[in-house]
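Visitor: Give me coordinates for this.
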Amino acid sequence: MIDYKLASLTENQKKLLPLYEAQLNAYAYLAQKKFRKPITGLALLYFVPEHKDLQDEIILHRTKDQFLFGFKPTIVPVKLRGPEWVEDLCKNLFEILSSDKPPKGKPNCQGCNLLFEC
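Guide: Model prediction:
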């Protein structure tokens, strides 16, 4: 199973990999339940836009009807987790969303600190 991303694989994108891992594993879980066929692997496929020089006719093709960029594909494998991993993740998420207040959070987490400043 592949999730396509139209973005450059930057350090900020790499920080999102745990979220993408959860997302892809949830998709795999649902697909296996629906179609009753095993998922054998997961990956992110980044289509990195080639836009260094917008005047370069090899990279950018312009016509009256189209404006096309070239793309460089990059594959990032994602760990396939078992169904219990996704079920546990969903249980934790449900507990968090059902709570009257946000969880304690990690020390020095910028996102966690923002929640408690509100």
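
Visitor: Tell me where the protein has strands.
Guide: Assigned strands in the chain, in chain order: 2-5, 42-50, 60-62, 67-78 (criterion: DSSP state E).

Visitor: Find the least confident helix or strand in the chain, judged by mean pLDDT.
Guide: strand 60-62 (a mean of 56; mean pLDDT, DSSP states H and E).

Visitor: Turn the strands of the chain into TSV, including distance to Cys109.
Guide: Where you see a C-beta, it was placed from the backbone N, CA and C, and this is true even at glycine. As requested, the strands of the chain are exported to TSV (distance: least, Cβ to Cβ, whole Å):
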stretch	distance to Cys109
strand 2-5	25
strand 42-50	24
strand 60-62	41
strand 67-78	23
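
Visitor: Averaging pLDDT over each of these, report the lowest-scoring one.
Guide: Between these, the one with the least mean pLDDT is strand 60-62; it has a mean of 56.

Visitor: which regions of this protein sit below the pLDDT cut-off?
Guide: 50-69, 113-118 (pLDDT under 70).

Visitor: And the residue nearest the centre of it?
Guide: Tyr20 (2.9 Å; Cα atoms, centre = their mean).

Visitor: Among the strands of the chain, show me which one is buried the most.
Guide: By mean neighbour count, with neighbours taken as mean count of other Cβ atoms under 10 Å, strand 42-50 ranks first of those at a mean of 17.

Visitor: how far does that one sit from the chain's center?
Guide: Distance of strand 42-50 from the chain centroid (Cα atoms, centre = their mean, to the nearest Å) equals 11 Å.
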